[in-house]
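Asks: Whatever this is, show me its structure:
(chains A, B, C and D)
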Protein chains: 2
Amino acid sequence: MSSCDTCVVRNRAICAGLDNHEIEALNQIGRRRTVTAGEPLIWEDDDSLLVANVIEGVLKLTTSTEDGREQIVGVAYPSDFIGRPFGQTSSASVVALTDARVCVFSRNDFDRFAREHPELEHKLLERTLAELDRTRSWMMLLGRKNASEKIATFLLEMSDRLAETGCTPAFGPAKRFSLPFSRQQVADVLGLTIETVSRQFTKLKNDGVIELPSRREVEILNRQALVSLAG
Amino acid sequence: MSSCDTCVVRNRAICAGLDNHEIEALNQIGRRRTVTAGEPLIWEDDDSLLVANVIEGVLKLTTSTEDGREQIVGVAYPSDFIGRPFGQTSSASVVALTDARVCVFSRNDFDRFAREHPELEHKLLERTLAELDRTRSWMMLLGRKNASEKIATFLLEMSDRLAETGCTPAFGPAKRFSLPFSRQQVADVLGLTIETVSRQFTKLKNDGVIELPSRREVEILNRQALVSLAG
DNA sequence: TTGGTGTTTTGACTTCCGTCAACGCGGGGC
DNA sequence: GCCCCGCGTTGACGGAAGTCAAAACACCAA
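Replies: Numbering: from 1, shown residues only, chains lettered A, B, ... in the order given. Below is the predicted model:
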């Protein structure tokens, strides 16, 4: 009996579609791991010894300059795949934002397994293409949007992304949610400073667009206003 | 005799690795097309009816806001794959920057063929992963670098990218090259305005770092200076 | 409750880049 | 050759966001 049998992302992650025999083989080369909030899983420019599936929690992918500036280039949620298979060094560090559970593989083992299982490679390809789309629309935000457009876009995206994994059984975007990011991390996602993020949040609150019940909580009072601000 | 036999990117594009029989089948569903500079090949948000391999020339991938701001989110060179296979609408327009030749497929035909040829899907996966890496490092540039760092990084990237396809048989980065971009397009790549781009070019010229023999030509006089400016 | 620490907010000031406008230049057509 | 038009450059100016610093706040532990 493999631990995959009880895996909550079994039907959504790239391992979906594998039969029992294949899952058993995959299970042989992978292992479960927990990562506590703030703990790194992969270092930028290391040989990317491992790849992983996210089971639970949220992780950030970041790149940094030597002088310490940081940009969050991706966010991984449950069922997402992280790491860089097929012979390149990883271009990003991966750090847990919340306590997380992941299913890790050595890159070599994973590469070999993937090449023998086209269905898995296909799932990975679909995921990678979707991630590339998301990343490109984020480039638009980074290159061409101003601070208030960035914040509005960010809040809408959060509301969508967190709804999928949220506790609320209702469908559609979340009206109220808990950010997995500190203010500094929001700044690192949007290419802003922490002060600018803070000022924009305050402005939205004063304008009655959102409510901020606590540091990490956001409640969207006027979604339509956010949509029109997002540009 | 298929036209693939004489294709200059036959060994570099995703069709590399297919045997003669498979190439013949692929040739059946594809066709050659020329695109003149400035002409669009794919519209943003259309159903992405087609995908393509670049044989010759350079094309830009762009996203735009309703109010006309544009961001170039990718650049396709010979042997690159463009378009969005597998059931999503494309998130970017594709427009030729130079006269170009491409090998186009209807998306449905290509999807079907790809699913039957894991080796091709694997090549596409490797390409997509590499493109995602490049895109992420560009996010760092857009979010965290200032104008002079952006310009320096851009010139170095151009020098690398154009060397691969350049006429000069010598290896290594090109010392002198012809930009496939207008000043406005450089601005759209870097998330700047045309005026800022122009000023930064002039500054680099005055500082003796580059020479600008004509509007599109760039000669790098002091590569090391560019590297250290790029941050 | 209190005190301490790290995060967030707020304020004052600065700066980089965007905006607007005028000018220059180069290449194509006549 | 000459003119014209689009692209690129330059200058003056303003404003959005960054920087620096201090205050306020949340959260934890004792």
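Asks: can you give me phi and psi for A:Asp133?
Replies: Backbone torsions of A:Asp133, given as degrees, to the nearest 10, read phi -60, psi -50.
Asks: Now for it: which residues touch it?
Replies: By C-beta atoms under 8 Å, 6 or more residues apart in numbering or on different chains, the contact set of A:Asp133 is B:Arg84, B:Gln88, B:Ser91. All C-beta spots, glycine's among them, are computed from the backbone N, C-alpha and C.
Asks: just checking, which of the residues you listed belong to strands?
Replies: Using DSSP state E, no member of the contacts of A:Asp133 falls in strands.
Asks: Which one of the residues you listed is nearest to DNA strand C?
Replies: Nearest to DNA strand C out of the contacts of A:Asp133 is B:Ser91 (C-beta to the nearest atom of the strand; 22.9 Å).
Asks: Quick check: A:Val73 is in a strand.
Replies: Yes: per DSSP: H, G, I helix; E, B strand; the rest coil, A:Val73 lies within a strand segment.
Asks: How much space separates it from DNA strand C?
Replies: 20 Å (C-beta to the nearest atom of the strand, to the nearest Å).
Asks: likewise A:Asp111?
Replies: Using C-beta to the nearest atom of the strand, A:Asp111 is found at 37 Å from DNA strand C.
Asks: Now do the contacts for the nearest residue to that residue once chain neighbours are set aside.
Replies: Counting by C-beta to C-beta, 6 or more residues apart in numbering or on different chains, A:Pro85 is the residue found nearest to A:Asp111 once chain neighbours are left out, at 5.4 Å. Contact analysis of A:Pro85 by C-beta under 8 Å, 6+ apart lists A:Val51, A:Arg107, A:Phe110, A:Asp111, A:Ala114, A:Leu124, B:Leu129.
Asks: So what does A:Pro85 have for phi and psi?
Replies: phi -70, psi 170.
Asks: How many neighbouring residues does A:Ala92 have?
Replies: Using other C-beta atoms under 10 Å in any protein chain shown, the number of residues around A:Ala92 comes to 28.
Asks: Show me how far the host helix or strand of A:Gln28 is from its chain's centre.
Replies: Assigned by DSSP states H and E, A:Gln28 falls within helix A:20-29. Relative to its chain's centre, helix A:20-29 lies at 26 Å (C-alpha atoms, centre = their mean, to the nearest Å).
Asks: May I see the buried residues of it?
Replies: A:Glu22, A:Ile23, A:Leu26, A:Asn27 (16 or more other C-beta atoms under 10 Å in any protein chain shown).
Asks: need the next SSE after it, C-terminal direction.
Replies: Proceeding N to C from helix A:20-29, the next assigned helix or strand is strand A:30-35, under DSSP H and E.
Asks: coming back round to it: need the contact partners of the helix holding A:Gln28.
Replies: Outside of helix A:20-29, the residues within contact range by C-beta under 8 Å, 6+ apart are A:Ser2, A:Ser3, A:Cys4, A:Cys15, A:Leu18, A:Phe105, A:Ser106, A:Asp109, A:Phe110, A:Phe113, A:His117.
Asks: By pLDDT, give me the weakest of the residues you listed.
Replies: Minimum pLDDT across the contacts of helix A:20-29 is recorded for A:Ser2, with 63.
Asks: re the thing from before, identify, from the contacts of A:Asp133, the entry nearest to chain A.
Replies: Using C-beta to the nearest C-beta, B:Ser91 is the member of these that sits closest to chain A, with 4.5 Å.
Asks: Next one, pLDDT for that closest one please.
Replies: 78.
Asks: residues contacting it?
Replies: Taking C-beta under 8 Å, 6+ apart, we find B:Ser91 in contact with A:Asp133, A:Arg136, A:Ser137, B:Glu44, B:Asp45, B:Thr63, B:Arg84.
Asks: Return the entry from these with the maximum number of neighbours.
Replies: B:Thr63 (24 neighbours).
Asks: Tell me the helices and strands packed up against the helix or strand where that one lies.
Replies: Using DSSP H and E, B:Thr63 sits within strand B:59-64. Applying 3 or more C-beta pairs under 8 Å, 6 or more residues apart in numbering or on different chains; DSSP states H and E, we find strand B:59-64 packed against helix A:118-144, strand B:70-76, strand B:93-96, helix B:183-190.
Asks: Quick one: name the residues of chain A near DNA strand D.
Replies: Proximity of chain A to DNA strand D, by C-beta under 7 Å from any atom of the strand, involves residues A:Asn146, A:Ala147, A:Ser148, A:Gly191, A:Leu192, A:Thr193, A:Glu195, A:Thr196, A:Ser214, A:Arg215, A:Arg216.
Asks: was I right about the last one contacting A:Phe177?
Replies: No: using C-beta atoms under 8 Å as the test, A:Arg216 is too far from A:Phe177 to be in contact (9.1 Å).
Asks: Neighbour count for the two, which is higher?
Replies: Legend: neighbour count by other C-beta under 10 Å for A:Arg216 and A:Phe177, higher for A:Phe177 (21 against 13).
Asks: Beta-bridge partners for that one, please?
Replies: A:Val218 (DSSP bridges).
Asks: Pretty sure it sits against A:Glu157.
Replies: No: checked against C-beta under 8 Å, the pair A:Phe177 and A:Glu157 is beyond contact range at 11.3 Å.
Asks: Quick check: A:Val102 is in a strand.
Replies: Yes: assessed by three-state DSSP, A:Val102 belongs to a strand.
Asks: chain center to the helix or strand hosting A:Arg115, what's the gap?
Replies: A:Arg115 belongs to helix A:107-116 when assigned by DSSP H and E. Here helix A:107-116 is found 23 Å from its chain centre; the criterion is C-alpha atoms, centre = their mean.
Asks: what do you get for stretch A:67-82?
Replies: 6 Å.
Asks: List the buried residues in that stretch.
Replies: If you call a residue buried by 16+ other C-beta under 10 Å, then stretch A:67-82 has these buried ones: A:70-82.
Asks: mind checking the end-to-end distance for that stretch?
Replies: For stretch A:67-82, the first-to-last residue distance is 26 Å (C-alpha to C-alpha, to the nearest Å).
Asks: That one near chain B at all?
Replies: Yes: counting by C-beta under 8 Å from any C-beta of the partner chain, chain B has neighbours in stretch A:67-82: A:Asp67, A:Arg69, A:Glu70, A:Gln71, A:Val73, A:Gly74.
Asks: so where's chain A shaky on pLDDT?
Replies: For chain A, applying pLDDT under 70 flags the ranges A:1-2, A:48, A:164-170.
Asks: repeat that for 80
Replies: A:1-3, A:44-48, A:88-91, A:164-171 (pLDDT under 80).
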